[in-house]
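Engineer: Return atomic coordinates for the entry below.
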Amino acid sequence: MNAGKYGTGKVGGRRMHWSEKIAKDIIKRSPDKEEYVCAAGISPSGSIHIGNFRDIATSYFVYKALIKQGKKARLLFSWDEFDRFRKVPVNVKEVAPELENEIGKPYVDVKDPYGCCSSYAEHFEKEFEASLSRFGVKVDFRRQSENYRSGKYAKYIIQAVQKRREIFDILDKFRQQVATPEEREAYYPVSIYCPVCGKDETTITSSSEDGVTCEYTCKCGHKGTWDFSKDFNCKLAWKIDWPMRWMIEGVDFEPGGKDHASPGGSYDTSKIIAKKIFGAQAPMFKGYEFVGIKGTTGKMSGSTGLNLTPDTLLKIYQPEMILWLYSKSEPNKAFDFCFDDEILRQYFEFDKMLKVYQAGKGKNYDYIEGIMHNCMIEGRELYPVPMQQIVNFGSVVDFNADMLETVFEKIGTPYKKEEFAERLELAKYWLEKCSPENMNTLLGYRNWDFYNTLNEVEKKEIQLLHDFIAKGEYDLDALNSFIYTIPREADPDFQEENKKTAQAQFFKNAYNLMIGKAAGPRLYLFLFAVEPQRYLGLLDFSTPQTEEEKTLAAEAKAEAERKAAEEEARRKAAEEEEARKNAIAPIKEEITIDEFDKVDMRVCKVINCEIVKNAKKLLKLTLFDGLDERVIVSSIRDDYTPEELIGRKIIVIANLKPAKFAGVKSNGMLIAASGDDFGCKIIFVDDCVPEGTAIH
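Structural biologist: Numbering: from 1, shown residues only. Below is the predicted model:
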């Protein structure tokens, strides 16, 4: 199946939303099904970030499209909390570094690092479920630890063990390296969580003909017999677990990240396993692109700890807008959430669509209706009060809703506080935390330092503005007309061809005197909306500067310098950190060809790989170098699992003097590239190159 084939189609001249197109194809494939199932699933490996949220949003929109087309449907969400705990996220490691010792256990058995929930899994599940409820998304939750440990999957695990060689052959078709008969015979599609240490560091050594029992050993030293019909603390590998659940749950549609959607990826493999092992049809699938962030530093990643969650986004976006961004972008298209000024454009575009949707007519209404239908949350009413206006005036009135209501009334847009209260809180958070440079706060003193930089004509302009405001008796139109005439009235030598330049400079001067920066809301709206007594004194320089003003100005200057110094220090630190990460090492001193020839680099095949006990980062690799077996030890455990390396061919420095690491003798060193921003990447060799081949 082509994972990207579902686009926006047309039916009867109507431009159809991508979710409706998928829904129609689902119905066409199974026209008589009583209830359709749309599924999604996430491992609670840490805070669920907005990239993960696309999984459930995509499935949710298809579910809504099925309902819209008169079908009964269910949105199923699996917490994959029975997956193994692989890595401690950076932000969690700062709180609970001891969780490194829990790696290998299922998430549901790892302790909550924050001490408020029964487990690691429950903590992050509750965090996500709380934010999910704000989107009005009703979900049928499944917790896979309960399904496994209840014995629900027992007969399917036995079935997979019985067909383990057939499963191996399916998986092997998607591998680059050629498997050995020994690998095939040793393969088991299930991992046992050790009853002693609780980890999945077990190896099945043999099994009965009927696949019901097996013998196993664990790295902790424990060994025993496992009865899959009675012992349920075990889990199928992902590519077998996924199709098994499709069959049991009757899944009709499930999305996945673009890594799953790639040719030969998890979906391609699992749909074959679904058919040949479980006799089930794979659901329709849609691969989705990753989601970006604009206006923050760092990249969104669980491993770095920079997990931008739906809850974080809800501090600056209304929930409908978050759904809207996912809905209007086809899943295979990337888009950005914005923490910079671009968010104001997004609010504008959302409001534009919302007005068309609320009116029930307009240009491209059918298509817009398809997008907006996915965003509406039952029990909530939306008001498209311009976010730009709320940002412009919110800080001026100290985010007081009653005062802002008065401002809107005065400028002829009588929005009520009930209509903009939610957005006002979001604007406040965005301005204070993300964009303080956009705050419009009146100065607490006359800005004499700036006033003294003005020439006589510019000072006259400020006086004319002050006198006009002080006189009063003007409406909005009169004020707007007057401020555009001020540069002409103040300058006896005014040149008409310089009008625009003079007006722009006058506006900058007025803003600098009132809010301490060169730009702000439209000046006539600003002057009319804000009570004159709040800013009139800032335009009056008819009396000398007071000692109090000098003190306030000095304090403000010192504070501005302090903030600027802090920002510069942060900028330099970020630049230095980036330079450190991306630094290219200088070329080492020259060597002769004779010296190079002393280094014996050759191709070796990894025939076994295992974790080194009592060493957090070490892997022990057993290699065949073309002549004999050798063991090397490498600190690559954070970047590779043993399963990823077995059967692969690598380059090894074979004549390096042996050394011991964690008590294991290492005879050589593998060749790899490493860096803080990408980890360690081994240089792999094409499988057609024989073991022992020299690298020249």
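Engineer: all contacts plus neighbour counts: C-alpha atoms, from now on.
Structural biologist: Fine.
Engineer: For the stretch 501-650 of the chain, which segments count as strands?
Structural biologist: With DSSP state E, counting those that start in this stretch as the definition, the stretch 501-650 of the chain shows strands at residue ranges 601-611, 619-624, 629-634, 649-653.
Engineer: what stretches of the stretch 1-150 of the chain score poorly on pLDDT?
Structural biologist: In the predicted model, the stretch 1-150 of the chain carries pLDDT under 70 at residues 1-14.
Engineer: Equivalent analysis for the stretch 251-400 of the chain, please.
Structural biologist: Counting by pLDDT under 70, the stretch 251-400 of the chain contains low-confidence ranges at 296-307.
Engineer: tell me the pLDDT at residue 228?
Structural biologist: At residue 228, the pLDDT value in this model is 97.
Engineer: ugh, typo on my part, it should be residue 217
Structural biologist: Among the per-residue scores, residue 217 shows a pLDDT of 97.
Engineer: In the helix or strand where it lies, which residues are buried?
Structural biologist: Counting by DSSP states H and E, the element that carries residue 217 is strand 213-218. The neighbour-count criterion (16 or more other CA atoms under 10 Å) identifies 213, 214, 216, 217, 218 as the buried residues of strand 213-218.
Engineer: which residues does the residue lying closest to the second one once chain neighbours are set aside contact?
Structural biologist: Among residues not flanking residue 214 along the chain, residue 207 sits closest, at 3.9 Å (CA to CA, 6 or more residues apart in numbering). Contacts for residue 207 were tallied using CA atoms under 8 Å, 6 or more residues apart in numbering; they are 213, 214, 215.
Engineer: Same check on residue 469?
Structural biologist: Taking CA under 8 Å, 6+ apart as the contact definition, residue 469 lies against 532, 536.
Engineer: how near is it to residue 530?
Structural biologist: Summarising the geometry, the distance separating residue 469 from residue 530, computed by CA to CA, to the nearest Å, is 11 Å.
Engineer: wait, isn't residue 607 in contact with residue 620?
Structural biologist: No - applying CA atoms under 8 Å as the test, residue 607 and residue 620 come out as separate, 11.0 Å apart.
Engineer: what about the two, which has more around it?
Structural biologist: A direct count of neighbours by other CA atoms under 10 Å for residue 607 and residue 620 places residue 620 higher, at 23 against 17.
Engineer: The residue nearest to that one when sequence neighbours are not counted and residue 86: what is the separation?
Structural biologist: Nearest-residue entry for residue 620: residue 633, 4.7 Å, with adjacent residues in sequence omitted and distances by CA to CA, 6+ apart. With the distance defined as CA to CA, residue 633 ends up 20 Å from residue 86.
Engineer: Show me the longest helix that occurs in the chain.
Structural biologist: In the chain, taking DSSP state H as the definition, the longest helix is helix 547-582.
Engineer: Mind checking the pLDDT average for it?
Structural biologist: Computed over helix 547-582, the average pLDDT equals 82.
Engineer: Stretch 469-477 now?
Structural biologist: If you average the pLDDT over stretch 469-477, you get 91.
Engineer: CA-only coordinates of it in PDB, if you can.
Structural biologist: Once side chains and other backbone atoms are set aside, the C-alpha atoms of stretch 469-477 remain, and they are given as PDB (Å, rounded to 0.1, in the frame of the first residue of the first chain):
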ATOM      1  CA  ILE A 469      -4.900  65.500  23.400                       C
ATOM      2  CA  ALA A 470      -5.000  67.800  26.500                       C
ATOM      3  CA  LYS A 471      -7.700  69.900  24.800                       C
ATOM      4  CA  GLY A 472      -9.900  66.900  24.300                       C
ATOM      5  CA  GLU A 473     -13.200  67.200  22.400                       C
ATOM      6  CA  TYR A 474     -12.200  64.900  19.500                       C
ATOM      7  CA  ASP A 475     -13.500  61.600  18.100                       C
ATOM      8  CA  LEU A 476     -11.500  58.800  16.600                       C
ATOM      9  CA  ASP A 477     -11.600  60.100  13.100                       C
END
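Engineer: All the helices of the stretch 401-550 of the chain, residue numbers only.
Structural biologist: Shown for the stretch 401-550 of the chain, the helices assigned by DSSP state H, counting those that start in this stretch span residues 401-410, 417-429, 448-451, 456-471, 476-490, 499-515, 523-529, 532-535, 547-582.
Engineer: Quick one: these as TSV, columns for distance to residue 61 too.
Structural biologist: Written out in TSV, the entries for the helices of the stretch 401-550 of the chain read as follows (distance: least, CA to CA, whole Å):
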stretch	distance to residue 61
helix 401-410	35
helix 417-429	25
helix 448-451	55
helix 456-471	54
helix 476-490	46
helix 499-515	45
helix 523-529	41
helix 532-535	49
helix 547-582	39
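Engineer: isn't residue 414 right up against residue 404?
Structural biologist: No - with contact taken as CA under 8 Å, residue 414 and residue 404 are classed as non-touching, separated by 10.0 Å.
Engineer: Neighbour count: those two, which is higher?
Structural biologist: With neighbours defined as other CA under 10 Å, residue 414 and residue 404 compare such that residue 404 has more, 28 against 13.
Engineer: can you pull the contacts of that one?
Structural biologist: Remark: with contacts taken as CA under 8 Å, 6+ apart, residue 404 is in contact with 393, 394, 397, 417.
Engineer: now those residues in CSV, with distance to residue 441?
Structural biologist: As requested, the contacts of residue 404 are exported to CSV (distance: CA to CA, whole Å):
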residue, distance to residue 441
393, 9
394, 9
397, 8
417, 21
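Engineer: ok, of those, which one's closest to residue 526?
Structural biologist: For those, the residue nearest residue 526 by CA to CA is residue 393; the value is 7.7 Å.
Engineer: Check which helix or strand that closest one maps to.
Structural biologist: Residue 393 is located in helix 387-394, with elements delineated by DSSP H and E.
Engineer: Tell me what angle that helix forms with helix 401-410.
Structural biologist: Here the directions of helix 387-394 and helix 401-410 differ by 120 degrees (axes from the mean of the first three to the mean of the last three CA atoms, to 10 degrees).
Engineer: Report the distance from helix 387-394 to the chain centre.
Structural biologist: When C-alpha coordinates are averaged (CA atoms, centre = their mean, to the nearest Å), helix 387-394 and its chain have centres 28 Å apart.
Engineer: Pull the residues that contact it.
Structural biologist: Applying CA under 8 Å, 6+ apart, the set of residues contacting helix 387-394 from outside is 344, 347-348, 400, 404, 407, 423-424, 427-428, 431, 438-440, 520-521, 526.
Engineer: same deal with stretch 222-232?
Structural biologist: Counting by CA under 8 Å, 6+ apart, the neighbours of stretch 222-232 from elsewhere in the structure are 148-151, 154-155, 157-158, 194, 196, 212-217.
Engineer: rewinding a little: residue 633 and residue 86: which has the busier surroundings?
Structural biologist: A count of neighbours by other CA under 10 Å puts residue 633 above the other of residue 633 and residue 86, at 25 against 16.
Engineer: Surely the more buried one and residue 664 touch.
Structural biologist: Yes - between residue 633 and residue 664 there is a contact at 7.4 Å, judged by CA under 8 Å.
Engineer: which residues touch the helix or strand where residue 292 lies?
Structural biologist: When secondary structure is defined by DSSP H and E, residue 292 falls within strand 291-294. Applying CA under 8 Å, 6+ apart, the contact partners of strand 291-294 are 50, 51, 299, 300, 334, 335, 336, 337, 338, 339, 340.
Engineer: how about the last one, phi and psi?
Structural biologist: The phi and psi torsions at residue 340 (degrees, to the nearest 10) take the values phi -100, psi -160.
Engineer: Find the nearest non-adjacent residue to it, please.
Structural biologist: Take residue 340 and drop its neighbours on the chain: the residue closest to it by CA to CA, 6+ apart is residue 295, 4.7 Å away.
Engineer: What count of nearby residues applies to the one you found?
Structural biologist: Here the number of neighbours of residue 295 (other CA under 10 Å) works out to 15.
Engineer: what sits against it?
Structural biologist: So residue 295 contacts 338, 339, 340 (CA under 8 Å, 6+ apart).
Engineer: What of residue 190?
Structural biologist: 157, 161, 234, 235, 236, 237.
Engineer: Just the buried subset of the contacts of strand 291-294, please.
Structural biologist: So, by 16+ other CA under 10 Å, the buried ones in the contacts of strand 291-294 are 50, 51, 300, 335, 337, 338, 339.
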